[in-house]
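Undergrad: below is the sequence, then the predicted model.
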Amino acid sequence: MTLQTVPRLTRAELARAGRMTAAPPVRIVHLGAGAFHRSHQAWFTAHATDAADWGIAAFTGRRDTVSRQLAPQDGLFTLIERGPEADRFEVIPAIAEVRPASDSARFAALMTAAATAVVTLTVTEAGYHQRPDGALDLEHPAVIDDIHALRHGQPVGTRTPTGRLLAGLSARARAGAPPLTVVPCDNVPANGERLRAALHTLAQRTGHEAAVAATAFVTTSVDRITPHTTDEDRRAVADATGWRDEGVVVAEPFADWTLCGDFAGERPAWESAGARFVSDIEPYERRKLLLLNGGHLVLAFGGLLRGHATVAQAMADDRCRRELDAFWDEAARAAGPVDTRDYRTALVRRFENGRIEHRLTQIAVDTVTKIRMRILPVLAHERTEGRSGSGALAVVRAWADSIRSARIDGETDAAAALARLLDGADPALAADIGTTAIHH
Ligand SMILES: NC(=O)c1ccc[n+]([C@@H]2O[C@H](COP(=O)([O-])OP(=O)(O)OC[C@H]3O[C@@H](n4cnc5c(N)ncnc54)[C@H](O)[C@@H]3O)[C@@H](O)[C@H]2O)c1
Ligand SMILES: O=P(O)(O)OC[C@@H](O)[C@@H](O)[C@H](O)[C@H](O)CO
């Protein structure tokens, strides 16, 4: 059987099979319709008790691949929940429509619709165009272009997620629609507050302050390991379900969503699907970013240097494990007043799931931004406490070595990458890291 001869997954096909049909009404707009949005926010929305009332309109970010895959499927896709022993297949119906980023008319229509209540984002850490201190990088060429477009009333010309969002919020304020809530879902510390500050900065320079003032921002910590989908995964879905699905997503069984902040209006009952609403998110966020995401970086750099391809392979290498444990001992101290013992035990099991092909090259992208957010805070904390931070320093060293041996995509010059990493860092810390990473 070739995939081309299998019927395509659509709502009509599902109806023929006696399964649910209608798309839920759009009340959520999403920017960056990648794999993680589908395995996480779409999954939580589909599993909430009020799922029938909350549909998502997902817009792609830089490429229109996902809209070309999902639009012919009416937004439907199969999630393969990949446990250590077996796969579970589930069709997720929460995405009601999928649009390319270029469809600015539909974006404006949804951003001004009274029914729209929530905007979510997964645009990667680099997509926020932050400076080392977390502020919006006003010298970035795409940000400069957006300032120009927004000043001259050309929302269609905006290129960055922040610029597009401000254009949409501004149109909403002009239309007199009720305020909405922005919920960023990328691995960025204090993501809601940072996005609010970035939008405020952009708004001040372009005369759109009222739109930001009327909007609520919620900070989130998100967690579900979601590797890239392969052709083999698409074949597995056809074999198991009888449908051809170009939008298949694979994820581990574990899923966590911690949210903090007030919503301006209505929201899905995500807590009924297991999401956690808290008044202080920092301990959860630091633990996740430092231990899980930082731990992934340790395995990515050390693993790539030793010829491994996946997280599970690096976990099986004693030397990688020792490096991970050394970093985790330091990261646990930096995480603050939150359990890290059980969390580490659970992480070991998740990382060792060899049926999840989480490629180290998928993790080792935008590495300057990621090291800044996930490794340097550990080093800084160790130094403040009078310790050397040798576990965290070893990660920076492995990163520089990986660049030198051409294993990191997008970085060719270790010294230049290091200079970008240390731009804006504490001078004593910078001197120490520079010496260690260059002269070891
Ligand atoms: N994959 C995971 O395991 C995982 C888990 C937790 C959090 N996340 C978060 O989700 C993000 C996306 O991961 P993914 O697995 O969906 O990756 P992906 O490659 O499938 O999707 C990335 C999405 O971000 C968009 N994007 C990238 N750069 C952009 C830019 N400059 N402007 C606008 N949009 C841009 C892309 O167009 C795409 O829609 C991660 O960077 C991370 O912050 C991922
Ligand atoms: O997704 P990134 O690029 O922020 O980082 C790579 C991985 O560490 C990350 O995707 C994790 O798998 C994820 O954060 C687990 O929830």
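TA: Structure's in. What do you need? Ligands and ions are numbered 1, 2, ... in the order given.
Undergrad: I'd guessed Gly163 sits against His148; true?
TA: No. With contact defined as C-beta atoms under 8 Å, Gly163 does not reach His148; the gap is 9.9 Å. No exception for glycine: its C-beta is placed from N, CA and C like everyone else's.
Undergrad: could you say what helices and strands the helix or strand where Leu324 lies packs with?
TA: According to DSSP states H and E, Leu324 maps onto helix 318-335. Counting contacts by 3 or more C-beta pairs under 8 Å, 6 or more residues apart in numbering; DSSP states H and E, helix 318-335 is packed against helix 282-287, helix 294-305, helix 311-315, helix 376-384, helix 390-404.
Undergrad: before we move on, the earlier item: of Gly163 and His148, who's got more company?
TA: Using other C-beta atoms under 10 Å as the criterion, Gly163 and His148 rank with Gly163 on top: 25 against 14.
Undergrad: can I get the CA coordinates of the strand or helix carrying that one in CSV?
TA: Take DSSP H and E as the rule and Gly163 turns out to sit in helix 161-175. Written as CSV, here are the backbone C-alpha positions of helix 161-175 (Å, rounded to 0.1, in the frame of the first residue of the first chain):
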residue,chain,number,x,y,z
PRO,A,161,5.6,37.9,15.6
THR,A,162,5.7,41.0,17.9
GLY,A,163,5.0,43.4,15.1
ARG,A,164,2.1,41.2,13.7
LEU,A,165,0.6,40.9,17.1
LEU,A,166,0.8,44.6,17.7
ALA,A,167,-0.9,45.3,14.3
GLY,A,168,-3.7,42.9,15.2
LEU,A,169,-4.2,44.3,18.8
SER,A,170,-4.3,47.8,17.4
ALA,A,171,-6.9,46.9,14.8
ARG,A,172,-8.9,45.3,17.6
ALA,A,173,-8.7,48.4,19.8
ARG,A,174,-9.9,50.5,16.8
ALA,A,175,-12.8,48.1,16.2
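Undergrad: now do the domain split for the protein, please.
TA: As given by automatic domain parsing, the domain ranges for the chain are 3-277, 283-438.
Undergrad: isn't Glu246 right next to Asp231, touching?
TA: No. Glu246 lies out of contact with Asp231 (C-beta under 8 Å); the separation is 10.6 Å.
Undergrad: compare those two (neighbour count), which wins?
TA: The neighbour comparison of Glu246 against Asp231 (other C-beta under 10 Å) goes to Glu246, with 18 against 9.
Undergrad: what's that one in contact with, if anything?
TA: Glu246 makes contact with 8, 69-70, 72-73, 234, according to C-beta atoms under 8 Å, 6 or more residues apart in numbering.
Undergrad: and those residues, which of them are buried?
TA: 8, 69-70, 73, 234 (16 or more other C-beta atoms under 10 Å).
Undergrad: what's the farthest-apart pair in those residues?
TA: Longest distance between any two of the buried ones among the contacts of Glu246 is 13.2 Å, between Leu70 and Arg234; criterion C-beta to C-beta.
Undergrad: so where is the stretch 51-200 of the chain shaky, pLDDT-wise?
TA: Within the stretch 51-200 of the chain, no stretch has pLDDT under 70.
Undergrad: rerun at 90
TA: 62, 132-133, 153-157 (pLDDT under 90).
Undergrad: near ligand 2, which residues of it show up?
TA: 125, 187 (C-beta under 6 Å from any ligand atom).
Undergrad: OK, contacts around the residue lying closest to Leu150 once chain neighbours are set aside?
TA: Distances taken as C-beta to C-beta, 6 or more residues apart in numbering place Thr206 nearest to Leu150, at 3.8 Å, with adjacent residues excluded. Thr206 makes contact with 147, 150-151, 166, according to C-beta under 8 Å, 6+ apart.
Undergrad: and which of those residues is nearest to Thr340?
TA: Proximity of those to Thr340 (C-beta to C-beta) peaks at Leu166, which lies at 38.0 Å.
Undergrad: quick check: the closest one touching Arg151?
TA: No. In this structure, Leu166 is not within contact of Arg151 by C-beta under 8 Å, at 11.4 Å.
Undergrad: neighbour-wise, which of these two wins?
TA: For Leu166 versus Arg151, the count of surrounding residues by other C-beta under 10 Å is larger for Leu166: 26 against 12.
Undergrad: which residues in the chain form strands?
TA: For the chain, applying DSSP state E gives strands covering 26-31, 55-59, 77-82, 87-92, 95-99, 118-121, 181-184, 216-217, 219-223, 249-251, 256-260, 276-277.
Undergrad: what angle sits between the third one and strand 87-92?
TA: I take that to be strand 77-82. Calculated by axes from the mean of the first three to the mean of the last three C-alpha atoms, to 10 degrees, strand 77-82 forms an angle of 150 degrees with strand 87-92.
Undergrad: give me the residues contacting strand 77-82.
TA: 9, 38-39, 43, 70, 87-92, 95, 233, 236-237, 241, 243, 245, 247-253, 353, 355-356.
Undergrad: switch to 7 Å and redo it
TA: Strand 77-82 has contacts (C-beta atoms under 7 Å, 6 or more residues apart in numbering) with 9, 38-39, 43, 70, 87-92, 233, 236-237, 241, 245, 247-253, 355-356.
Undergrad: partner strands of it and their direction?
TA: Next to strand 77-82 in the sheet, as set by DSSP bridges, lie strand 87-92 (antiparallel), strand 249-251 (parallel).
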